[in-house]
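K.L.:
Here's my sequence, what's the structure:
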Amino acid sequence: MANKQEEQTTYSRRQADSVRQGDDQTSKSRGKTSYSIAVDSSHRFYIFLFSLVMALTSVVNPLLTDFANPTQMLHLYTGQMLSQGHLPYQDIFATGGFLYYALIALAYFLGSSIWLMLVEFLAFYMSGIYFYKIISFLTKKTEMGMTYTAIFFLLNLALGFGGLYPIQWAYPFMLNALWFLTKYFAGHINDEAFIIYGFFGTLAALIDPRSLIFWVLSFIIIGIYNFLQRHFARGFYQLLCMIFGAILVYYTVGFFVLNMGNLSEYVSQALFYNFKVFALGSDSLLITLPYQLLVLAASGLLLGFLGFFGHLGRILEFKTVKWLSFFAFIISLILGIFVQTYYVFTLLLALPFGLILTSLVINDRLDDGTEGETKEVAGAHRRKRTTHESQGGYWASFARRHFQLPLLVMVLGIATPIVLGILSVNVNRERRNVSDYLKANTSNQSIIYVWDKSSKIYLDTGLKSASQFPNPVVNTSTQDNSQKRDDDILQGNARYIVLNKSEKLPKEVSRVVRSNYKKISLDNAEHFLIYQKK
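P.N.:
Sure, this is the predicted structure:
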């Protein structure tokens, strides 16, 4: 087993010398040195299984949709409305990319959200492959690559249970780009390949605009690298290649966006709002900030951040890619911890970068012998490491010393939405009863509004919301958006208004509902009030 892995991941003396010089000078052996990280067949099978689990446990699975949180539900509803001709950014306030909602709409157009399970599987499988290659190359240990790829999947399951988050669909393009840059700074990429780099970067931005953090940082670092190496003409040529790759995507997608006439809304919501408004909820920052930091520390993501400079002090290889991961982690972290909510899916943006940094620090400790290995002469150490890999010792060492708190985060992250979903069984049954009543008493063109944290009634009925903010608690943390939501309801366009009794209604909205709508009695809906326009 060990020999097989050693054959598949080859670090010859010639390659090692070239890689070590890649961050400091241009490799003169470009095009002459073979370079690849082959994924072991057993590891590929594990990645396949993890990806399959992620797809099967996604909220796009109709059996699990009731376990979705308000944000996930709203994403599904936005895509459903797009399949009916109602536009995101114009009819519904949306923060994901256009391609993201287009894929959801395509699934509904084909008949069911279950088609998105294929998208989820492909996204996680490709992400796992590239993440494995990055870790294996930086640590020079395929078992470390598999260990941290497994943790990558488990933390995705814990922090983002149910999937369907735009950043998870953008992972393959981001991690592919990071792997691309790893090879580029090692001197193994032709300049023309930057066309693909620009192409993938644009695709990622059109799925989750927040991925622009990584692309802007990488663009800056590439520029600094070329400036220090005095590759001015070459850098300009790479820029032209990236622009050409981006144009291939923007010309296609831009055609649809411009025809829909919502370009300004797209820019203000998908781009500016994501980077201007950090808060997703209205909980106290004094409580949610320590909570987010606690989850971050317990998951092990802060370990690499805190030990990063110590790692650079002893290992200078691939420092450019490591600095890129470090800065991407910091900026992503800022967006993820000031959200004023107890949901932790906002940490998904920082997850891959944090795990990469943590893997480097843990790898240093393994090499130093702090995880049970004793320092020996170089030859003996290499022989022992090979035996260690064959026995799966890296996973055992990590689990014994560093996995207790991450395991707790994973258990709680997975158990919490499941428990909440089970506790909401009766309420969801009432939501179905309300949906059945609305479908029986409305037409396809009817407009409703549901004041409820869940968008299940919208999804079940397929009816359009009277407000650009269908869910009263999503994207309404700012005064402007909450006021716009209330104003939309006060216009009285909704034929029916459904109120969850446990949710607090603004006084002005409550007054208008009581004066302009009549209450409808409905059996088996104790948690809801239904009002019909007079």
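K.L.:
Residues contacting stretch 490-507, please?
P.N.:
The set of residues that contact stretch 490-507 without belonging to it, under CB atoms under 8 Å, 6 or more residues apart in numbering, is 434, 438, 441-442, 446-453, 457, 466, 472, 486, 489, 508-509, 512-513, 516-517, 520, 527-533. The way it works is simple: take the backbone N, C-alpha and C, and place the C-beta from them, glycine included.
K.L.:
Give me the subset of those residues lying in helices.
P.N.:
434, 438, 441, 457, 486, 489, 508, 509, 512, 513, 516 (DSSP state H).
K.L.:
Give the burial count for the fourth one, as a bare number.
P.N.:
For residue 457, the number of neighbouring residues by other CB atoms under 10 Å comes to 25.
K.L.:
Tell me the confidence at it?
P.N.:
In this prediction, residue 457 carries a pLDDT score of 96.
K.L.:
the strands in this protein, which residues?
P.N.:
447-451, 464-465, 496-500, 517-520, 528-533 (DSSP state E).
K.L.:
and stretch 490-507, which residues are buried?
P.N.:
Taking 16 or more other CB atoms under 10 Å as the basis for neighbour counts, the residues of stretch 490-507 that come out buried are 490, 494, 495, 496, 497, 498, 499, 500, 505, 506.
K.L.:
And the last one, what's its pLDDT?
P.N.:
As predicted, residue 506 sits at a pLDDT of 92.
K.L.:
same deal with residue 525?
P.N.:
With respect to pLDDT, residue 525 has a value of 86.
K.L.:
Could you report the neighbour count for the residue lying closest to it once chain neighbours are set aside?
P.N.:
The shortest distance from residue 525 to any residue that is not its chain neighbour, by CB to CB, 6 or more residues apart in numbering, is 4.7 Å, and that residue is residue 430. In terms of burial, residue 430 registers 18 neighbours under the definition other CB under 10 Å.
K.L.:
Kindly report the same for residue 237.
P.N.:
Residue 237 has 15 neighbouring residues, counting by other CB under 10 Å.
K.L.:
Just list the residues touching it, thanks.
P.N.:
If you count contacts by CB under 8 Å, 6+ apart, residue 237 has them with residue 191.
K.L.:
Could you verify my assumption that residue 95 touches residue 272?
P.N.:
No: look at residue 95 against residue 272 with CB atoms under 8 Å: they stay out of range, at 10.2 Å.
K.L.:
In terms of packing, which of the two has more residues around it?
P.N.:
More crowded of residue 95 and residue 272, by other CB under 10 Å: residue 95, with 24 against 11.
K.L.:
now the buried residues of stretch 490-507 in a markdown table, with distance to residue 41?
P.N.:
Compiled in a markdown table, the buried residues of stretch 490-507 are given as follows (distance: CB to CB, whole Å):
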| residue | distance to residue 41 |
| --- | --- |
| 490 | 62 |
| 494 | 57 |
| 495 | 58 |
| 496 | 56 |
| 497 | 57 |
| 498 | 53 |
| 499 | 56 |
| 500 | 51 |
| 505 | 58 |
| 506 | 59 |
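K.L.:
Could you verify my assumption that the residue nearest to residue 525 touches residue 523?
P.N.:
No: assessed by CB under 8 Å, residue 430 is found out of contact with residue 523, at 10.1 Å.
K.L.:
Spatially central residue (nearest the centroid) of this structure, please.
P.N.:
Averaging the C-alpha coordinates of the chain gives a centre point, and the residue nearest to it by CA atoms, centre = their mean is residue 167 (2.6 Å).
K.L.:
What count of nearby residues applies to the closest residue to residue 278 other than its chain neighbours?
P.N.:
What sits nearest to residue 278 in space, not counting adjacent residues and going by CB to CB, 6+ apart, is residue 338, at 4.2 Å. Summarising burial for residue 338: neighbours were counted as other CB under 10 Å, giving 16.
K.L.:
again with residue 477
P.N.:
A count of nearby residues for residue 477, using other CB under 10 Å, gives 18.
K.L.:
And it, its phi and psi?
P.N.:
The phi and psi torsions at residue 477 (degrees, to the nearest 10) take the values phi -70, psi -20.
K.L.:
what sits against the residue nearest to the centre of the chain?
P.N.:
Applying CB under 8 Å, 6+ apart as the definition, the contact partners of residue 167 turn out to be 208, 210, 211, 348, 349.
K.L.:
So for the longest helix along the chain, what gets flagged as buried?
P.N.:
Among the elements of the chain assigned as helix by DSSP H, the one spanning the most residues is helix 232-260. When neighbours are counted by 16+ other CB under 10 Å, the buried residues of helix 232-260 are found to be 235, 238, 239, 241, 242, 245, 246, 249, 250, 253, 257, 260.
K.L.:
do the same with stretch 120-140
P.N.:
Of the residues in stretch 120-140, those buried by neighbour count under the rule 16+ other CB under 10 Å are 120-121, 123-140.
K.L.:
Would you report which members of these are assigned to helices?
P.N.:
When DSSP H is applied, these are split such that 120-121, 123-139 fall in helices.
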